[in-house]
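>>> Quick one: sequence and predicted model below, then my questions.
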Amino acid sequence: MAHLDALHRPLLDLRISVTDRCNFRCRYCMPREHFGADHVFLNKTDILTYEEITSIASSMRPLGLRKIRITGGEPLIRKDIALLIGMLRALDSQLDLALTTNGILLAKHAKTLKEAGLNRVTVSLDALDEDMFKAMGDTDHSPKEVIMGIDAALSVGLGVKVNMVVQRNVNEDQVGAIANMAHERNLVPRYIEFMDVGTTNQWNMESVVSGEEIRQLVSNSIGPLEPVDPHHPSDVAKRWETENGQQVGMIQSVTAPFCGDCSRARISANGSLYTCLFATNGNDLRSMIRLGAEKVDLTSAIKAIWTKRKDRYSEQRNEHDQPVSKIEMSFIGG
Ligand code: SAM
Ligand code: SF4
Ligand code: SF4
């Protein structure tokens, strides 16, 4: 049975951050000035074990959970991540299991992930141009490695989505190239508005390229776009398509917020439950588990937290001052 929050939104999706570390330093997510050599990441003992993650997921099943996304930080740098996928799959053969990755380690892991029971991957790719890719990710890796990951995932039968964050005066000229790369593989590219997550990424409204502007850029490259009816109201990406059926998705959390349909809970790498990407406080489930809580105790704690949930940050973004202590995306899970 779906369990509703205070604004009548069901708890359907769980995003689990399995690490706060990453092999990239994307300027819009983990800028090196803040996430450099002296940054203090979580200790191994602070991070939930795979057993603890599985207990939390299992305790949400009676509340109506249908989908789990593994994320981070970069989830593929966590040791033996396919073991976790297998443990989650063992909970329920019907759970929709997805993972979000920057794709660098995907070619290496695609087959084991698929065999463990993963359904889908979302691969983040902000540029095909080598220099732009390296500058945005503050990395020496090449976009070719990400493409190899995408192709490996496709070849083993994983579903694949491609996400591109678009920033003004940075990578707008890559929008068409990403669309072409995705369409050549029969994939739907999804464009994400730059969001004000955390406090370190120097976000400002001027650097947001609106979904409307992105659609214009896409149209310039692949032709005029018409809206497509959504598959499900909780789909974060609204779809558009060309006359010959080439689709693109738009995730417009800044200019067209979708809080009214938000059915997502998040677990940070250290085991706190957050009811919004922009939350300032989490609910410590790790302590409950380490003090011996049973599955029923977790279920009732999560139920009580969700019942009170009223978050709708993106819809209220312009109504109040920015909170000072927002959680970083690499910590809470993108
Ligand atoms: N490391 C993995 C990756 O990059 O796919 C998973 C974690 S990452 C935090 C998840 C997603 O959040 C990525 O698609 C990334 O582009 C997106 N993201 C991070 N910071 C963002 C921001 N400020 N605005 C919009 N999207 C952002
Ligand atoms: Fe790492 Fe993903 Fe954040 Fe980039 S967006 S720094 S790849 S966690
Ligand atoms: Fe959901 Fe919070 Fe994003 Fe609104 S701002 S869609 S409530 S995560």
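Ah, there it is. Ligands and ions are numbered 1, 2, ... in the order given.
>>> where are the low-confidence patches of this protein?
233-234, 320-324 (pLDDT under 70).
>>> how about Gln202, secondary structure?
coil (DSSP: H, G, I helix; E, B strand; the rest coil).
>>> hey, where'd the helices end up in the stretch 201-334 of the chain?
Under the criterion DSSP state H, counting those that start in this stretch, the stretch 201-334 of the chain contains helices at 211-222, 285-290, 295-307, 313-316, 329-332.
>>> between these, which one is nearest to ligand 3?
When the helices of the stretch 201-334 of the chain are compared by CB to the nearest ligand atom, helix 313-316 sits nearest ligand 3, at 3.8 Å. Using the backbone N, CA and C atoms, a C-beta is placed for each residue, glycine as well.
>>> Report the buried residues of the closest one.
Residues of helix 313-316 classed as buried: Tyr313, Ser314 (neighbour count, 16 or more other CB atoms under 10 Å).
>>> And stretch 53-70, by the same measure?
53-60, 63, 65-70.
>>> swap in stretch 37-56?
Under 16+ other CB under 10 Å, the buried positions of stretch 37-56 are Phe41, Leu42, Ile47, Leu48, Tyr50, Glu52, Ile53, Thr54, Ser55, Ile56.
>>> same deal with stretch 90-110?
91, 95, 97-107, 109-110.
>>> Helices of the stretch 1-150 of the chain, start to end?
Using DSSP H, counting those that start in this stretch, helices in the stretch 1-150 of the chain cover 50-60, 81-91, 106-116, 130-137, 143-155.
>>> Those helices into CSV, with extra columns for distance to Val296?
CSV is the format used below for the helices of the stretch 1-150 of the chain (distance: least, CB to CB, whole Å):
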stretch, distance to Val296
helix 50-60, 8
helix 81-91, 16
helix 106-116, 28
helix 130-137, 43
helix 143-155, 37
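>>> how close does Ile332 sit to Tyr274?
Ile332 sits at a distance of 6 Å from Tyr274 (criterion: CB to CB, to the nearest Å).
>>> can you check Ser124 too?
Note on Ser124: its distance to Tyr274, by CB to CB, is 21 Å.
>>> what does His232 give?
23 Å.
>>> One more: Ala237?
Ala237 is 21 Å from Tyr274, by CB to CB.
>>> Ok, Phe133 next?
Phe133 is 30 Å from Tyr274, by CB to CB.
>>> Those two - which one has more neighbours?
Tyr274 (24 against 21; other CB atoms under 10 Å).
>>> Does the longest strand that the chain contains reach ligand 1?
Assignment by DSSP state E gives strand 159-166 as the longest strand of the chain. Yes - using CB under 6 Å from any ligand atom, strand 159-166 reaches ligand 1 at Asn163, Val165.
>>> ok and that strand relative to helix 143-155, angle-wise?
Relative orientation of strand 159-166 versus helix 143-155 (axes from the mean of the first three to the mean of the last three CA atoms, to 10 degrees): 150 degrees.
>>> buried sites along strand 159-166?
Val160, Lys161, Val162, Asn163, Met164, Val165, Val166.
>>> Glu130: neighbouring residues, count only.
Neighbours around Glu130, by other CB under 10 Å: 12.
>>> center of the chain - which residue?
Gly334 (3.5 Å; CA atoms, centre = their mean).
>>> Against ligand 3, how distant is that one?
Gly334 sits 11 Å away from ligand 3, going by CB to the nearest ligand atom, to the nearest Å.
>>> now do Leu63
For Leu63, the distance to ligand 3 equals 17 Å [CB to the nearest ligand atom].
>>> My guess is that residue contacts Asp13. True?
No - judged on CB atoms under 8 Å, Leu63 makes no contact with Asp13 at a distance of 11.6 Å.
>>> Just the C-alpha atoms of stretch 213-230, please, in PDB.
The C-alpha atoms that make up stretch 213-230 are tabulated as PDB, following Å, rounded to 0.1, in the frame of the first residue of the first chain:
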ATOM      1  CA  GLU A 213      16.400  27.700 -24.000                       C
ATOM      2  CA  ILE A 214      17.700  24.200 -24.100                       C
ATOM      3  CA  ARG A 215      14.800  23.000 -26.300                       C
ATOM      4  CA  GLN A 216      15.700  25.800 -28.700                       C
ATOM      5  CA  LEU A 217      19.300  24.700 -28.800                       C
ATOM      6  CA  VAL A 218      18.200  21.100 -29.400                       C
ATOM      7  CA  SER A 219      15.700  22.200 -32.100                       C
ATOM      8  CA  ASN A 220      18.500  24.100 -33.900                       C
ATOM      9  CA  SER A 221      20.300  20.800 -34.100                       C
ATOM     10  CA  ILE A 222      17.600  18.100 -34.700                       C
ATOM     11  CA  GLY A 223      14.500  20.000 -35.700                       C
ATOM     12  CA  PRO A 224      11.300  21.400 -34.100                       C
ATOM     13  CA  LEU A 225      10.100  19.700 -30.900                       C
ATOM     14  CA  GLU A 226       6.500  18.900 -29.700                       C
ATOM     15  CA  PRO A 227       5.600  17.800 -26.100                       C
ATOM     16  CA  VAL A 228       4.900  14.100 -25.500                       C
ATOM     17  CA  ASP A 229       2.300  12.900 -22.900                       C
ATOM     18  CA  PRO A 230       4.100  11.700 -19.700                       C
END
